[in-house]
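[1] only the shape, not the letters, is given here:
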């Protein structure tokens with residue numbers, strides 16, 4: 001099994017550019033309740049791809065993510 005160790009490894013394995021991986025990798029660290037809300041379609045109406053792009057990199061702190069993306073504090 002391939003275990004990527006860098007952005008470049010991920011990009012090569014997925015057939016995309018390093019730049020693309022850098023742009024999207026931060027979304028892998030969204031708080032689980034934010035991910036659930038997006039998948040269920042219950043996220044705040046202003047939360048869209050443009051807003052997510054505005055906060056790259058996203059803060060690792062989930063409470064700060066909630067604040068920035070329009071969710072109530074947990």
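    That came through fine. A quick note: this is a predicted structure, and the numbers were derived from the prediction, not measured.
[2] which residue packs closest to residue 65, ignoring adjacent ones?
    Using C-beta to C-beta, 6 or more residues apart in numbering and skipping the chain neighbours, the partner closest in space to residue 65 is residue 31 (5.3 Å). (Each C-beta comes from the backbone N, C-alpha and C, glycine too.)
[3] touching, the one you found and residue 64? I think so.
    No. With contact defined as C-beta atoms under 8 Å, residue 31 does not count as touching residue 64 (9.6 Å).
[4] return the residues in contact with the spatially most central residue of the chain.
    For the chain, residue 27 is the residue whose C-alpha lies nearest the centre (C-alpha atoms, centre = their mean; 1.1 Å). By C-beta atoms under 8 Å, 6 or more residues apart in numbering, the contact set of residue 27 is 52, 58.
[5] swap in 10 Å and give it another go.
    Taking C-beta atoms under 10 Å, 6 or more residues apart in numbering as the criterion, residue 27 is in contact with 34, 35, 38, 49, 52, 53, 56, 57, 58.
[6] can you tell me the SS state at it?
    helix (DSSP: H, G, I helix; E, B strand; the rest coil).
[7] what of residue 68?
    With three-state DSSP as the criterion, residue 68 reads helix.
[8] which of residue 31 and residue 64 has more residues huddled nearby?
    Using other C-beta atoms under 10 Å, the more surrounded residue of residue 31 and residue 64 is residue 31, with 19 against 13.
[9] I'd say residue 31 and residue 63 touch.
    Yes. When contacts are counted by C-beta atoms under 10 Å, residue 31 is listed as touching residue 63 (8.3 Å).
[10] give me the common contacts of these two.
    Any residue near both residue 31 and residue 63 by C-beta under 10 Å, 6+ apart counts here, and that gives 71, 74.
[11] from residue 10, how far off is the residue nearest to residue 65?
    22 Å (C-beta to C-beta, to the nearest Å).
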